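Peer 1: coords please:
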Amino acid sequence: MLFGVLLKQVVSRGTVHVIDWNGNTKTYGDGTGRPLTIRLHDKGPHLALALNPYLKLGEYYMDGLLTVDEPATIYDLLDVILGNLGTGYPSTAYKVYGALRRAKRRIDQHNPIGKAQQNVAHHYDLDGGIYDLFLDADKQYSCAYYADSSMTLEEAQTAKKRHIAAKLQIEPGMKVLDIGCGWGGLALTLAEETGADVVGVTLSQEQHKVATKRAEERGLSDHVKFHLQDYRTLDDTFDRIVSVGMFEHVGVGHYPEYFSGVKRLLTEDGVALIHTIGRLDPPGSTNPWIAKYIFPGGYIPALSEMAAAVEKTGLFMTDLEVLRLHYAETLKEWRRRFMAKRDIAAKIYDERFCRMWEFYLAGSETSFRHEGMVNFQLQLAKKIDALPLTRDYMGERERQLGAVPMQRRLRAGE
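Peer 2: Numbers count the residues shown, from 1 in each chain. Below you'll find the model as predicted:
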């Protein structure tokens, strides 16, 4: 059984029982930890899983050809596998496979205007009811900021928005651009809590519709505008630029274009903050299952790739923060909420979609716990003295924002 050979190479810690389509059982690992049992319901998966586990494990779970016996879940299986592998490969053959994927990544991540919108629509134009099942009420679909481990998801997402606002030192009346604004939550919060005028751009028709409606309902239409538009087509300048969870969709071949665009859109005294998932190891490639089913054209950057692109634009990198495990905790809560309402998701789509989404959330969480995935917050400026000389202002501003009510009255022109 070729899949068994692979598991023997991978599972050195933990206990995994595999029951094949004939009912035969084999055990892998050192016998420690809580044992889990997986079942293969057809003989085909053995060969395919061994040849391309990075794609086929997710596909066979989606199709019900691989199942995990309760009380364990697919999360437990991925936790064991990735907990053993870390950022490495099970053998030289898979290392070569990874190198080949890295070699073709510029082709896979080619995201010109037009194709970029198609890729975004694949994920973000799903029935909005799916996201309501697991996101917070503000629909923040990015890493929360757990300033305190006792925080709820809602509190941590509010803390994330204020953490970003504080770093940008936004003043009343400033013009702010939100690149990849999602459903508008950050833009609306910035307008309410800082008195800024905000423009949000998205390539998702569903997100644009929801964000625009939210601005109207909160009486912010005069101060927050949302456009269904590629940031590359904007012709204006802004005092502040923020982008949360969008850079993962840019593609490595477009990094110079992206940072040059940020520079072009900033005023001379302007400041930008880019919040993105990042990898702590050297440049890699996108998991093939994620690329096919979840985020086509997407890629998680290494800091070296981002820094090299920034340096060539002439922008200054004025601050960098690495958020460790915040996204793992965010994804853990998303997965808990999604599984609690799985029956509703099945009615919106079907069981195969539910298994796909569960695999996506579980795989993402375990990647942050074991594969060196983190979040980077890069602060960029055109002028080296655009902000105070120490980071003390960030904490002070963050405390001020936490002290004001969410429905703060706009103080335009003050």
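Peer 1: ok, now which ones touch the closest residue to residue 40 other than its chain neighbours?
Peer 2: Nearest residue to residue 40, sequence neighbours excluded (Cβ to Cβ, 6 or more residues apart in numbering): residue 20, at 5.2 Å. Every residue, glycine included, has its C-beta placed from N, CA and C. Taking Cβ atoms under 8 Å, 6 or more residues apart in numbering, we find residue 20 in contact with 1, 26, 40, 43, 46.
Peer 1: what about the nearest residue to residue 234 once chain neighbours are set aside, how many residues nearby?
Peer 2: Closest residue to residue 234 apart from its sequence neighbours, by Cβ to Cβ, 6+ apart: residue 265 at 6.1 Å. Number of residues near residue 265 (other Cβ atoms under 10 Å) recorded here: 19.
Peer 1: repeat for residue 336
Peer 2: 12.
Peer 1: any chance you could map the strands in the protein?
Peer 2: 15-19, 25-29, 36-40, 66-68, 175-179, 197-202, 224-228, 238-244, 266-279, 316-323, 373-381 (DSSP state E).
Peer 1: residues contacting the nearest residue to residue 25 once chain neighbours are set aside?
Peer 2: Counting by Cβ to Cβ, 6+ apart, residue 19 is the residue found nearest to residue 25 once chain neighbours are left out, at 5.0 Å. By Cβ under 8 Å, 6+ apart, the residues touching residue 19 are 25, 37-40.
Peer 1: identify the bridge partners of residue 19.
Peer 2: Beta bridges link residue 19 to residue 25, residue 39 when assigned by DSSP bridges.
Peer 1: I'd like the distance between residue 385 and residue 316.
Peer 2: Applying Cβ to Cβ, to the nearest Å, the value for residue 385 to residue 316 is 10 Å.
Peer 1: looking at the two, which is more packed in?
Peer 2: The residue with more neighbours, out of residue 385 and residue 316, is residue 316; 18 against 10, by other Cβ under 10 Å.
Peer 1: ok so, going back, turn the contacts of residue 19 into a markdown table, including neighbour count.
Peer 2: Formatted as a markdown table, the contacts of residue 19 follow (neighbours: other Cβ atoms under 10 Å):
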| residue | neighbour count |
| --- | --- |
| 25 | 10 |
| 37 | 17 |
| 38 | 22 |
| 39 | 16 |
| 40 | 20 |
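Peer 1: closest one of those to residue 357?
Peer 2: Distance to residue 357 across those (Cβ to Cβ) is lowest for residue 38, with 19.4 Å.
Peer 1: hang on, the earlier thing: any chance of a markdown table for the contacts of residue 20, columns pLDDT?
Peer 2: Shown next, in a markdown table, are these (pLDDT from 0 to 100):
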| residue | pLDDT |
| --- | --- |
| 1 | 64 |
| 26 | 95 |
| 40 | 93 |
| 43 | 81 |
| 46 | 76 |
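Peer 1: which residues touch the closest residue in space to residue 162 that isn't next to it in sequence?
Peer 2: Spatial nearest neighbour of residue 162, excluding adjacent residues (Cβ to Cβ, 6+ apart): residue 401 at 4.3 Å. Contacts for residue 401 were tallied using Cβ under 8 Å, 6+ apart; they are 162, 165-166, 193-194.
Peer 1: likewise for residue 90?
Peer 2: So residue 90 contacts 6, 9-10 (Cβ under 8 Å, 6+ apart).
Peer 1: and it, how close does it get to residue 53?
Peer 2: 8 Å.
Peer 1: list residues touching both of those two?
Peer 2: By Cβ under 8 Å, 6+ apart, the residues touching both residue 90 and residue 53 are residue 6.
Peer 1: before we move on, back to that, lowest pLDDT pick from the contacts of residue 90?
Peer 2: Lowest in pLDDT among the contacts of residue 90 is residue 6, which has 86.
Peer 1: hmm, residue 65 is touching residue 38, no?
Peer 2: No. Judged on Cβ atoms under 8 Å, residue 65 makes no contact with residue 38 at a distance of 10.8 Å.
Peer 1: for residue 346, what are its contacts?
Peer 2: So residue 346 contacts 353-354 (Cβ under 8 Å, 6+ apart).
Peer 1: when you give positions from now on, start the count at 39
Peer 2: Let's use 39 as the start, then, which means that last one is residue 384.
Peer 1: distance of it from residue 168?
Peer 2: For residue 384, the distance to residue 168 - Cβ to Cβ - is 11 Å.
Peer 1: ok, residue 84 next?
Peer 2: Counting by Cβ to Cβ, the gap from residue 84 to residue 168 is 33 Å.
Peer 1: which two of the contacts of residue 58 have the greatest separation?
Peer 2: Top of the distance list for these (Cβ to Cβ): 64 and 81, 14.4 Å.
Peer 1: between those two, tell me which one has more neighbours.
Peer 2: Shown here are residue 64 and residue 81; by other Cβ under 10 Å, residue 64 has more neighbours (14 against 11).
Peer 1: go through the longest helix belonging to the chain and flag the buried ones.
Peer 2: The helix that spans the most residues within the chain, counting by DSSP state H, is helix 389-408. Residues of helix 389-408 classed as buried by neighbour count (16 or more other Cβ atoms under 10 Å): 391-408.
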